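Novice: A structural model of the following input is requested.
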Amino acid sequence: MGRGLLGYDPWNDYLIRGTGNATLDNAEFAKAVTVMNARARGAIVVDRTVTINAFHNLTAPVGLRGRDNGAVLKTSGATAWVAWGGFTYPWTSGSAVAFNSVLAGSSTIVSPNLALAENDYVAIWSDDVVTSITAHNPETSYISAEILRISQAVTGSANTWRFADVIDDPMSTNPKILKLSMLKGVRVSDLRMEHAPGTGSIGTNLRFGYCADLKIENVTFGYPHQGQLGIIMCHGTQISGLRIEDCEDYNAGGLGTPAPVKYGIVVGPSSDTQIEHCLIQNVRHPLTTGGIDYYRPWAASEAVAVGAYRWNTTLGRAYRCTVGGTTSAVIPDHLTLTAETSGTGGAYDVTWLGLGTSIDNKGVYRMGTIKNLTFRNNICKNNAFQPSGGSGYSGMTCVDTHSEGRHIVIEGNKVIVSGEAQNTGISIRSRDTIVRNNVIDMPTNSAAGVGCIGIAIIGANCVVENNLVEGGFYNEVSVPSYTSPSNVDNVIWKGNTFKNMFGPAIRIMSGTGHCIINNTFENCAYSYASNQEVKSVIWIGGLTTTSSTVDIIDNSIPKRSNDMPIAWADTVLAGQVKAYGNRLDGYGTNSIGMFSQYWRASETCTTGDVRRYLNNEYRWTNATGSVGGTAPTHTSGTTSGWRFSRAITSSKLAEWEATFGQYNRDVKFSVVLAAAHTMTTSNKNWIINTVYAPFDDASTSHVTDRRVLIDVIDQDYLVVAEPGHIIEMPTSMIAQVYTIAGNGRNLWWDLSASGYKAAKPGDSYVTSPVVLHVLSYTSNFLQVKLPTDTGNRQLTINVGDETTDLTTGTAKVTFRMPVAVSTLTGIKASVNTAPVGSTIIVDVNVGGSTILTPKLSIDASEKTSTTAASAVGLLTNAIAEDAEVTIDIDQVGSSTAGKGLKVTFLW
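Specialist: Purely as a prediction, here's the structure:
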């Protein structure tokens, strides 16, 4: 018989109707637990509001649900909560397990004749009875819950051990076998949980231990207090439609207590957990795997209670408080399992039990692997500003994964982070974790968002992909700590969008093998700059070794109010940053991501600025002010405010090639050897010739090949752009008011103006045109190309035939220009019979007006205008398409007129 019209199954379910009296309701609920544990099927069905004021433990696969939409299970009092299965967890509490017997009140069954020794591996299995196996049989299929290493024996107890670290590769360890019985098929649904306001709770409202095939659907927690939902040692859990809302008394319980404050969902050592379509709001830690606050560093003058755990971060040792009180200034450092109150472990009346050393930076009391967890399509929301929990709590963390976690997916979630210092959207301490398709929304103003971190990665081999992160401070690959693995390597940031971030969008602070690829950065690093960390969108603050690398590929990092797209600390060599194919629109060639700039005379520097000169780097140690005119050359100590940093002779060229290689994917330039050149940084963006001297556009004898000077590395190396290269330069290099629409896309070099002009300068030599073609233009920067074919187009017009003497007259030839010409560089004339007695003079008119002064001439006894004593001059460089052009002959030879006149237009 199913639920039917009654809303429950009377043959299998137990119905409880609320009375409004907590004592009566609690007694009835206790009776239901006793009956259902014996029945081992069905569900406890809540009707109306049922209040419990004590702890209840279901040890059979019994469900819990509401009869209708108004069903409420209310907990009242410090010990009111409901648990399924066992709740003895040695890897989280530090207690010992005697493997040669069945623990009282637990479901742990041990195979017989089990002999263990220090550093043995043990396997806890979650399915089928194991009664006589003492070692793993590779041909037998088991469902693995945990593979653990035995850490240390308990003094005075035979065959009693503590768990240590979790093993990633169980097949190679040949572990010994333990059987773990589990509750299968528990269902909790259609229920509202409320905790009575103003009362404390030391437990989680609902906790599940040793459960398999667990489903929790459409459950709402209203007015929750501390932990709401605990999943410990469960396998195959599905949570959907969960709501945690209206959290009151945010800091109740006290920050110094061992109990976590304001957890939403806590998933302990479990596997195959799915959490989908949930709303979790106004909770300090909506999702936590493995816990956070149990592992606070030890601190002096702190009130601690019995059961509190603290960590000696220097020695990597864990301690549990057995006698509460206030700590002194002496940190506990003893190694044994004895409890010490005085001496090296003394701390007033506080007694600390030494739990031993950590293994691979992981405490013996915080073990347990979170495997195959998916957190998908949920909303984690915190609308209000919440008081800071202090450094021990690290603010609010919406999603926090345990360092022992494996194969975790955080996907498709909306995470709203409030403006509280130290708040974090997603904190990943687990390895092999995927964070993708999430939206993280943080305050965009600097006052509220300065302390917010979007995504923090403290685990190796993680992928951060296709997320939208807006507002806040930064995202980062963090430095490993006592709660994280020893190395944070191989983190991939791919396809993400970062917007309106106060500091750098991505900070790489540790590890190697990281890749930042195909991300979009919009208005990041708009304000923050501290110490070495300049206003750069991507900041490389530290790598594990000098051989560690970061790849930065195909990202879009347009310039806004930040200084640089990519920068790194002094300890990072430019050759370690392998960046290429990135879109860096708007920076110009004066800001290409390097941290160490070239020394410039009389520049204003602030304390900590780094500059290079010759083959060395120096740091400015004086207050903000001019560096003067004497460059630093010393190789040790501090002179004139410059402290010697390092020599860069051997790695210089490789470093700078790597530096310039990180620029725009369209922009091309080269590092060249130009020994003893005369260029200075004041010549940047000038046209120079092949002997690395300024190009004189008025000279008739200069080298015609030309380049644009991008930067001066030192006295021997330059960065240049050659014909065919695309570069960016500031619009201040144009010596006039300029627009593409009004002036066209071509710029002429004018040495006398130390800049470029839209029209050919009057002093430019006609046979040596120097122009840049403008590709794009903004108020700050323009992108240009140095053409490879300037001056190689021409149009020749015949003025008369080859055998008839020339005569003077207007409009001897009239034609219409077939194409638009915006870069007219010259006009030449020639004849096949030279004039005798006087010069041939020719004029060219466009639209009835001359475009020449002086006019085109062929001297007597000459056949070409290129040898004329009076060189022709252009009044314009542009002739519109289909413009009417006429050619006049103003004068011919006096004794021999000349024959076969041709006029050639060059552009």
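Novice: which residues of the stretch 701-850 of the chain fall in strands?
Specialist: For the stretch 701-850 of the chain, the strands defined by DSSP state E, counting those that start in this stretch cover 706-712, 717-721, 726-730, 746-750, 755-757, 771-777, 781-785, 794-799, 809-816, 826-830, 840-846, 849-850.
Novice: same question for the shortest one, mean pLDDT?
Specialist: Yep, that's strand 849-850 we're talking about. The average pLDDT for strand 849-850 rounds to 94.
Novice: that older thread, any chance of the strands of the stretch 701-850 of the chain in JSON lines, plus distance to Thr604?
Specialist: For the C-beta atoms, the positions are set from N, CA and C on the backbone; glycine is no exception. Output for the strands of the stretch 701-850 of the chain, formatted as JSON lines (distance: least, Cβ to Cβ, whole Å):
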{"stretch": "strand 706-712", "distance to Thr604": "19"}
{"stretch": "strand 717-721", "distance to Thr604": "24"}
{"stretch": "strand 726-730", "distance to Thr604": "19"}
{"stretch": "strand 746-750", "distance to Thr604": "30"}
{"stretch": "strand 755-757", "distance to Thr604": "24"}
{"stretch": "strand 771-777", "distance to Thr604": "30"}
{"stretch": "strand 781-785", "distance to Thr604": "23"}
{"stretch": "strand 794-799", "distance to Thr604": "51"}
{"stretch": "strand 809-816", "distance to Thr604": "58"}
{"stretch": "strand 826-830", "distance to Thr604": "46"}
{"stretch": "strand 840-846", "distance to Thr604": "51"}
{"stretch": "strand 849-850", "distance to Thr604": "52"}
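Novice: closest to Asn437 out of those?
Specialist: strand 771-777 (32.9 Å; Cβ to Cβ).
Novice: Output the strands of the stretch 701-850 of the chain in TSV, with mean neighbour count and distance to His407 appended to each entry.
Specialist: Below are the strands of the stretch 701-850 of the chain laid out as TSV (neighbours: other Cβ atoms under 10 Å; distance: least, Cβ to Cβ, whole Å):
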stretch	mean neighbour count	distance to His407
strand 706-712	23	47
strand 717-721	21	46
strand 726-730	22	45
strand 746-750	24	57
strand 755-757	22	58
strand 771-777	19	46
strand 781-785	22	45
strand 794-799	14	69
strand 809-816	12	74
strand 826-830	22	71
strand 840-846	21	74
strand 849-850	11	79
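Novice: closest one to Val667 among those strands?
Specialist: In terms of Cβ to Cβ, the element of the strands of the stretch 701-850 of the chain nearest to Val667 is strand 726-730, at 5.3 Å.
Novice: Which secondary structure elements does the closest one sit against?
Specialist: strand 706-712, strand 781-785 (3 or more Cβ pairs under 8 Å, 6 or more residues apart in numbering; DSSP states H and E).
Novice: Quick one, which of those gets closest to Lys684.
Specialist: strand 706-712 (5.8 Å).
Novice: Grab the CA positions of that closest one and hand them over as CSV.
Specialist: Extracted in CSV, the C-alpha atoms of strand 706-712 (Å, rounded to 0.1, in the frame of the first residue of the first chain):
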residue,chain,number,x,y,z
ARG,A,706,63.8,52.1,-42.1
ARG,A,707,62.6,50.8,-38.7
VAL,A,708,60.7,52.0,-35.7
LEU,A,709,62.5,52.1,-32.4
ILE,A,710,60.4,50.4,-29.7
ASP,A,711,62.7,50.4,-26.7
VAL,A,712,66.3,50.6,-25.5
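Novice: and it, which strands flank it?
Specialist: Strand 706-712 has the following sheet partners, assigned by DSSP bridges: strand 687-689 (antiparallel), strand 717-721 (antiparallel).
Novice: Would you agree Thr79 is in contact with Ala54?
Specialist: Yes: contact criterion Cβ atoms under 8 Å: Thr79 and Ala54 qualify, at 6.0 Å.
Novice: More neighbours: which of these two?
Specialist: Set Thr79 next to Ala54 and count neighbours by other Cβ atoms under 10 Å: Ala54 wins out with 16 against 13.
Novice: Quick check: the gap between that one and Ala30.
Specialist: The gap separating Ala54 from Ala30 is 7 Å, by Cβ to Cβ, to the nearest Å.
Novice: what does Thr401 give?
Specialist: According to Cβ to Cβ, Thr401 and Ala30 sit 37 Å apart.
Novice: Comparing these two, which residue is more hemmed in?
Specialist: Applying other Cβ under 10 Å to Thr401 and Ala30 shows that Thr401 carries more neighbours, namely 29 against 14.
Novice: if I look at Val409, how far off is Ile428?
Specialist: Distance of Val409 to Ile428, given as Cβ to Cβ: 11 Å.
Novice: dump the residue contacts of Gly809.
Specialist: Contacts for Gly809 (Cβ atoms under 8 Å, 6 or more residues apart in numbering) come out as Asp888, Ile889.
Novice: What pLDDT does the model give it?
Specialist: At Gly809, the model reports a pLDDT of 94.
Novice: neighbours around the nearest residue to Ile426 once chain neighbours are set aside, how many?
Specialist: Of all residues not flanking Ile426 in the chain, Val399 sits nearest, at 4.5 Å (Cβ to Cβ, 6 or more residues apart in numbering). By other Cβ under 10 Å, the residues close to Val399 number 28.
Novice: Tell me the pLDDT of Val399.
Specialist: pLDDT for Val399: 83.
Novice: Contact partners for it?
Specialist: The contact partners of Val399, by Cβ under 8 Å, 6+ apart, come to Pro286, Leu287, Phe375, Cys380, Ile410, Asn413, Val415, Gly425, Ile426, Ser427.
Novice: so what strands line up beside the host helix or strand of the second one?
Specialist: Assigned by DSSP states H and E, Leu287 belongs to strand 285-289. Pairing partners of strand 285-289, with direction, according to DSSP bridges: strand 263-267 (parallel), strand 397-401 (parallel).
Novice: how about these in CSV, adding distance to Phe208?
Specialist: Putting the strands paired with strand 285-289 into CSV (distance: least, Cβ to Cβ, whole Å) gives the following:
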stretch, distance to Phe208
strand 263-267, 10
strand 397-401, 19
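Novice: any idea how this structure splits into domains?
Specialist: Under the assignment automatic domain parsing, the domains of the chain span 4-76, 90-180, 202-293+366-512, 298-357, 666-790, 794-906.
Novice: Tell me which of those sits most buried.
Specialist: Highest mean neighbour count of the domains of the chain: domain 202-293+366-512, a mean of 22 (counted as mean count of other Cβ atoms under 10 Å).
Novice: List the beta-bridge partners for Ile553.
Specialist: Counting by DSSP bridges, Ile553 forms beta bridges with Ile517, Tyr580.
Novice: other SSEs contacting the lengthiest helix in the chain?
Specialist: Secondary structure assigned by DSSP state H gives helix 22-39 as the longest helix of the chain. Applying 3+ Cβ pairs under 8 Å, 6+ apart, we find helix 22-39 packed against strand 14-17, strand 43-47, strand 49-52, strand 55-58.
Novice: Okay, helices next: where are they in the stretch 351-500 of the chain?
Specialist: With helices called from DSSP state H, counting those that start in this stretch, the stretch 351-500 of the chain shows them at 446-449.
Novice: Give me the below-cutoff pLDDT ranges for it.
Specialist: 355-369, 382-396, 404, 419-422, 445-450, 481-486 (pLDDT under 70).
Novice: ok, 50 please
Specialist: Applying pLDDT under 50 to the stretch 351-500 of the chain picks out residues 358-368, 383-394, 482-484.
Novice: List the residues that contact Cys462.
Specialist: Counted by Cβ under 8 Å, 6+ apart, Cys462 has contacts Ile428, Ser430, Arg431, Asp432, Thr433, Ile434, Val435, Asn490, Val491, Ile492.
Novice: OK, contacts around the first one?
Specialist: Just to be clear, that refers to Ile428. In this structure, Ile428 makes contact with Thr401, Ile408, Ile410, Val435, Ile455, Ala456, Ile457, Ile458, Gly459, Cys462, judged by Cβ under 8 Å, 6+ apart.
Novice: Pairing partners for the first one in the sheet, please.
Specialist: If I follow you right, that is Thr401. Bridge pairing for Thr401 (DSSP bridges) gives the partners Ile428.
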